[in-house]
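Asker: Fold the following.
(chains A and B)
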Protein chains: 2
Amino acid sequence: MAIDLRDLERLIAQKDFKGVRAELSDLQDADIAAFMEELKREHVVMVFRSLPKDRAAEIFSYLSSDMQQYIVEAITDQEISHIINDLFLDDAADFLEEMPANVVKRVLRNASPEVREQINHFLKYPPYSAGSIMTAEFVDLRKKMTVAEAFKRIRRTALDKETVYTCYVTDENRHLEGVVTVRELFLADEDAVIGDIMERNVIFARTTDDQEAVAALFSHYDFMSLPVVDEENRLVGIVTLDDVVQVIHQEATEDFQKMAAMVPSEKPYLKTSVFSLAKNRVIWLMILMLSASVTGSILGKYEAAFVTLPVLVTFLPMLTDTGGNTGSQSSTLVIRGMALNELSPKDVGRIIRKELAVSALVGLALSTANFLRILLFHSGSVTMAFAVSLALYATVIVAATIGSMLPLAARALKADPAIMAAPVVTTLVDATALLIYFKIVDLLLL
Amino acid sequence: MAIDLRDLERLIAQKDFKGVRAELSDLQDADIAAFMEELKREHVVMVFRSLPKDRAAEIFSYLSSDMQQYIVEAITDQEISHIINDLFLDDAADFLEEMPANVVKRVLRNASPEVREQINHFLKYPPYSAGSIMTAEFVDLRKKMTVAEAFKRIRRTALDKETVYTCYVTDENRHLEGVVTVRELFLADEDAVIGDIMERNVIFARTTDDQEAVAALFSHYDFMSLPVVDEENRLVGIVTLDDVVQVIHQEATEDFQKMAAMVPSEKPYLKTSVFSLAKNRVIWLMILMLSASVTGSILGKYEAAFVTLPVLVTFLPMLTDTGGNTGSQSSTLVIRGMALNELSPKDVGRIIRKELAVSALVGLALSTANFLRILLFHSGSVTMAFAVSLALYATVIVAATIGSMLPLAARALKADPAIMAAPVVTTLVDATALLIYFKIVDLLLL
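Answerer: Below you'll find the predicted structure:
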C-alpha cells in the first residue's frame, strides 16, 4: 500500500478532508476498510465521512462488527439510512446479525420500507442455512422474452444486482423454470426466445439447507451461483461463489477447532474475549482430564510391576505418544476425507484394510528402530527390548484402527466426525496401550 | 439422481447406445463423471463414446486421473485430439500433470499446434504457483474501443473463454492497463470509450506467486477473477474463483495433514497406495518417537521418587495429556489465525498476554477439579492433592505458552507454522510437564 498511516493521521489532525479523500481514492474498498481498523478511534468517523458516497456502503461491509457498531452509534440517522439502503442485502443481514438489539432497531427504522421488509425476511432464516447466506438480488427473466429483451432487462436492473451473469427464468408465481447465463445470451441470436435456450434441469438449494451442503454442491458442480427456493418452490434468492468461499473457510476453522478439543467459535482470535476463549477450551479439557484418570488407575493396578522393574516407566511416554500420534493421523485422514465427501461410512471395509496394512508397515519400521535403540542405549536385556517393541507394534495397529473407526462411527450415529480427533483418540489409545504393554511385560518379563 | 446404475449396465450389455445417451442427457456433467467412476471398467469407454460430442471434454475434466488415463489409453488418436482441443487450458494442464510421460507425449502429439504450444507453456510453471492454476483464456480489450465494439469482441470470443465477465484492457505489447466488468459495460453508454470507464488501479498476481497468496488476495478483495502477469508485466492469464476454491480445499487439507504429523499428500485417501501412506506417516512418527525417549530418560532420573511413592506414576497420563491438549488448542488457534491472515508474528505480545490470561483461568478450573477428585477418590494426603494440582496448573500455563509461541517462531523463521502443531507441542510439553511435576513433588512430598 502506498499510504502511510501517520500521513493520514496528520491530514486528519489538520482537518484536511480533501487531502484524506485524495489519499484514499486510489485504494481498493477492502484496503480502505483494513486501514480504518488501524486508525485511532476518534478519527474513524471523520474518515468514514470523507469517503466518496458511492463507495461508503461497500467499504462499510468490509469492516469488523466492532467497527461497524462504533460507526453506526456515532453517525446520524440520515447517514445510517444511506448506508443500509446501499448495502447488498446479504451484507446488511450479516451486519445486523452481529449488532445488539437497540442498534438493529435504529438501523431498521432508517431503512427504506422495501429494504426493511427484505432484511426482516432474511433475518428469519436459521444461522448457517442457505437462506442466511443468500442474496435476494438477482436477475429474473421470463420464458417468453427474446434475448434482446433479456439484455434490456439486465441493463435496467444491473446496478442493483450482486451477480448479473446468471439469470433465472421464473413463471408468474415465481417458480423456478430454468437458468441461462449471460455468456449463453451473448452466443444466442437476438431474436431467440429464452424458453428455447435456457437450461431446464436446474440444481437448486432450499432456504433451510445447511450452508455446508450448499458449499458441497458448488464444489461438485463448479458453480458460480446457485438458486435458492422456499418451501413452496418459489425462487427467493441466490448464493454466489464468494459467499461460499467464506463458508469453506468457516467450516474448515470449525473443524480445526473441534479437532483440537475446542468448542468452535467464529470470531477471530484477537477479537474473542479471554473469558469466552477459556469457556470454549475448558469443557473438553475437563472431560479429557477426567478420562485420563482412568488411564492413571490402570497404571495404579500395575504398581507392583514398575516397583520391581522401574525402567518400565521410562518407556511410557514413547509408547503413549507414538500411539496417540498414529491414531491422530488416522482420524485426521478419515475426518478430512469425509469433510471433502471422499469417504463415507460405507467405505468402512476399505478403510480398515488400508489402515491395517499401513500400520503393519509403519509399526514394523518404528518397532525395529525402537528395538535397536533400546539395545544400544539401554542396559536392558534383549527380552526387554523385544517386549517393549512388541507392545509398540501392537499399539500402533490398535491406534490406527481406533483412530480411523471412531470418526466413521460418529458419522454413522449422525454426530460430527471432527470431535473424534486427536485428543479423544489419544485418551482412548493411552489406556489401550498401557493394557497391551503390561500384559506383554507380564508374560515376558515378570 | 434419477438414474439406476443397473439400468444403465443393462442398456450397455444390449449395446443400446441411444438408450444410454438418453439416460445420461438429463444429468449434469459432474454427475455423469461421478457415475462413470462407478461403472465396470469394460463399460467405461463405451459410455464415454456415447456422450454428446460437445460435452465429452467437459465431462472428461471431472474424471479422476486414474480414469482419465484409462480412457486415453483405450481410445483412438483422433478421439484424443477432440478432447484435448476442447478442454479448457487449465483443465488440460491439470490432466497432463498427472499422466505418465508416454501418455503425455501421445496426447500432445494429437493436440493442435496452438493448443500444444499453450499447454507446454503452462506445464513449465512451478507447481502450486499462480501460473499453474491460471487459464490463458480471457477476453482482452483495447483502450480505444467503444462499449459497442467491446460487446462485439466479447460475443465473437465468448465460446472459448472460461470467464467472459471480467475483461482485461491491454496495450499492443500485452501490458495490462485496466479492467472492466461486463456489468459495467451494461451500465455504460454504447459510445463510451473503454479507456474512460475502465478501472486503472488493477490488482494482479505474478505467474510465480504462490497459489496460497493468490487465494488470500481473492478472500481479501472478494474477487471473481484475477489477472496474472509474467516477469515483463505482460498479461498471460487469469485465475478464476472456482480454481481458488480448489486451492483453499487443498491448502486446508495440507494443514490438517501437517498438523497431524504427516507429510501432506494431495491425493484422496482411497487413491493413495498403502506404501505412500506409510511413507508419509512414518517420518514424523519416527522423529517424535525418538524425541519421546528424551521424556523417558527424564522419568528415568526420578526412578527413586516413584519407587518410594508409586502412586505418583498414576498421575502422569492426566498431567501429560492435559498439557498436550492445552498446548494443541493454543497452537491450533495461532496456526489457523495465521492461515487466515488474522494473526502474524508482530501480534506476539497480544497473543502471549491472551494465552497467559486464558490458561490462568482454565488452569484454575482444571486444577480445582483435580484437587477435589484426588481428595475424594484417592487415599492420598491433602499435600499430595495440592502438589499434583499445582503441577497441573503450571503445566497448563507452560503448555499454552509453548503451543502459541512455536507456530509464531516457525513463521518468523520462514518455516510453515502448521508443523508446530499438536504432536510436536505434545512431545515438548510432556518433557516440561515431567520436570515441573518432579520438581514440585521433590519440594513438597519427598
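
Asker: need the strands for the stretch 1-150 of chain A, in chain order.
Answerer: Under the criterion DSSP state E, counting those that start in this stretch, the stretch 1-150 of chain A contains strands at A:139-141.

Asker: Can you name the residues of it that neighbour chain B?
Answerer: A:Asp26, A:Gln28, A:Ala30, A:Ala34 (C-beta under 8 Å from any C-beta of the partner chain). Using the backbone N, CA and C atoms, a C-beta is placed for each residue, glycine as well.

Asker: wait, the third one sits on B:His220?
Answerer: Yes: assessed by C-beta atoms under 8 Å, A:Ala30 is found in contact with B:His220 at 5.3 Å.

Asker: the more surrounded of those two?
Answerer: Neighbour totals were compared for A:Ala30 and B:His220, and A:Ala30 leads with 19 against 16 (other C-beta atoms under 10 Å in any protein chain shown).

Asker: What ranges in the stretch 301-446 of chain A fall below the confidence cut-off?
Answerer: For the stretch 301-446 of chain A, the stretches with pLDDT under 70 are A:380.

Asker: Quick check: can you list the domain ranges of chain A?
Answerer: Domain assignment for chain A by automatic domain parsing gives A:5-125, A:139-241, A:269-444.

Asker: Now do the end-to-end distance for the last one.
Answerer: Distance between the boundary residues of domain A:269-444 (C-alpha to C-alpha, to the nearest Å) amounts to 51 Å.

Asker: on that earlier part again, B:Val311: which of the domains of chain A is closest?
Answerer: B:Val311 lies closest to domain A:269-444 among the domains of chain A, at 7.0 Å (C-beta to C-beta).

Asker: Just name the most buried of the domains of chain A.
Answerer: Greatest average neighbour count among the domains of chain A goes to domain A:269-444 (a mean of 21), per mean count of other C-beta atoms under 10 Å in any protein chain shown.

Asker: So which elements touch the helix or strand that A:Ile154 is a member of?
Answerer: Secondary structure assigned from DSSP states H and E places A:Ile154 in helix A:147-157. Packing contacts for helix A:147-157, counted by 3 or more C-beta pairs under 8 Å, 6 or more residues apart in numbering or on different chains; DSSP states H and E, involve strand A:139-141, helix A:182-187, helix A:194-197, helix B:182-187.

Asker: so for that helix, what's the average pLDDT?
Answerer: Averaged across helix A:147-157, pLDDT comes to 90.

Asker: Ok, stretch A:258-275 next?
Answerer: The average pLDDT within stretch A:258-275 is 89.

Asker: cool, and stretch A:88-98?
Answerer: Rounded mean pLDDT across stretch A:88-98 is 83.

Asker: got the contact list for that stretch?
Answerer: A:60-61, A:65, A:68-69, A:84, A:87, A:104, A:107-108, A:115, A:118-119, A:122-123, A:127, A:132-137, A:162, A:243 (C-beta atoms under 8 Å, 6 or more residues apart in numbering or on different chains).

Asker: Sort out for me which of those residues are in helices.
Answerer: The helices, defined by DSSP state H, take in A:60-61, A:65, A:68-69, A:84, A:104, A:107-108, A:115, A:118-119, A:122-123, A:132-133, A:243 from the contacts of stretch A:88-98.
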